[in-house]
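Participant: attaching a predicted model along with its sequence, questions to come.
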Amino acid sequence: MKIIIAVLLLLGHLAAAEVQYYGTGGSLVLGPKFSGAITSITWKHKGNIVAEWIDGSVDLEYLGDLKGRLDLNLKTGVLTVKNMMKADQGVFSVEINNKVLPDTFEATWIRILNDSEVVVIPSLTCSSQSQSCSLRCGEEIKDAGPIQYFWKKGENGKWEEGERTIEIENTDETGRFKTFSCKAENPVSEKESKPEENPFNKTDPVNWGTVFGIVIGLIIAAVAVGVTIYMRKNKMFCFRPPVQNQTPKDQTGNGESETLNQKTQEV
């Protein structure tokens, strides 16, 4: 009968275990709900003692496979496990002041998300003429624990939580955004996709004819200015002063002599 009760109590503890997710190389911080002075503490992993301390009689000692990666706070009872590995999965339990606490922690390893796993994938039948389209944030990701998905409209939009696959309608409202992006988060990592072009984008396209005309005009103007500067520097412009009509000096001189001769003869 006692054995049955002990088993039921153990199963009750395991059922109430708090799941603690971790990734390879990460840390696990286990904090028991206890207040008051601690005179003795024992932490177990998979039923084996990994840390023990008794005030005045047993110095703090770390044991087992986790030795060298443990750090126990004797005032709070918090146990920190560093550089976690997949093999470190299992239930942690704690005994404080010779009393087994109901707090148990189930260490669960999950994968860290990769960039290649988070990408916006439109449905194969999606086109600008479709009434609606499905967008999927990557394929199903295994061994990554619980994953939350978020979506963003445009480059400056706000992240909104949603499903891995969303449906977008071909409306004027949807057409206002050039891109869609998605983000995936699990308890140990998060990854954001690159923006994917909105199949229903209705923003004004670039008028390449106008752009080409402006560029050609600027090039012609630049060439004209350059030619002008070059010609001025090399004095290739010739300026001639205007020609003015003048009476020849010898003609004016002859006229004055004839007038004087006439006056002399009259005298």
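Facilitator: Perfect, I can see it now.
Participant: would you mind listing where the stretch 151-267 of the chain has pLDDT under the threshold?
Facilitator: 204-213, 215, 226-227, 230, 234-267 (pLDDT under 70).
Participant: contacting residues around the residue positioned nearest the centre of the chain?
Facilitator: In the chain, the centroid-proximal residue (C-alpha atoms, centre = their mean) is residue 192; its distance is 6.2 Å. Residue 192 makes contact with 118, 181, 182, 183, according to C-beta atoms under 8 Å, 6 or more residues apart in numbering. Any C-beta I mention is one placed from the backbone N, CA and C, and that applies to glycine too.
Participant: partners of it in the sheet?
Facilitator: Here residue 192 sits in beta bridges with residue 183, going by DSSP bridges.
Participant: quick one on the thing from earlier: just put the contacts of residue 192 in a markdown table and tack on neighbour count.
Facilitator: Shown next, in a markdown table, are the contacts of residue 192 (neighbours: other C-beta atoms under 10 Å):
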| residue | neighbour count |
| --- | --- |
| 118 | 22 |
| 181 | 21 |
| 182 | 27 |
| 183 | 18 |
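Participant: can you show me the strands along the stretch 151-267 of the chain?
Facilitator: Assigned strands in the stretch 151-267 of the chain, in chain order: 160-162, 165-169, 179-186, 189-192, 196-197 (criterion: DSSP state E, counting those that start in this stretch).
Participant: what's the closest of those strands to residue 62?
Facilitator: strand 189-192 (28.5 Å; C-beta to C-beta).
Participant: rewinding a little: which of the contacts of residue 192 sit farthest apart?
Facilitator: Going by C-beta to C-beta, the pair spanning the contacts of residue 192 furthest: 118 and 181, at 9.6 Å.
Participant: find residues that contact each of those two.
Facilitator: Shared contacts of residue 118 and residue 181 (C-beta under 8 Å, 6+ apart): 192, 193.
Participant: can you show me the helices along the protein?
Facilitator: Ranges of helices within the chain are 2-15, 172-175, 208-233, 249-266, based on DSSP state H.
Participant: for residue 115, see how far away residue 225 is.
Facilitator: Computed as C-beta to C-beta, to the nearest Å, the residue 225 to residue 115 distance reads 49 Å.
Participant: over to residue 23?
Facilitator: 15 Å.
Participant: what do you get for residue 178?
Facilitator: 22 Å.
Participant: equivalent analysis for residue 153, please.
Facilitator: Counting by C-beta to C-beta, the gap from residue 153 to residue 115 is 21 Å.
Participant: and those two? which has more neighbours close in?
Facilitator: Between residue 153 and residue 115, counted using other C-beta atoms under 10 Å, residue 153 has the larger neighbour count: 19 against 10.
Participant: nearest residue to the more buried one in space, please, no chain neighbours.
Facilitator: Sequence neighbours aside, residue 177 is the residue nearest to residue 153 in space, at 4.3 Å (criterion: C-beta to C-beta, 6 or more residues apart in numbering).
Participant: now for the one you found, how many residues are close by?
Facilitator: For residue 177, the tally of surrounding residues (other C-beta under 10 Å) stands at 20.
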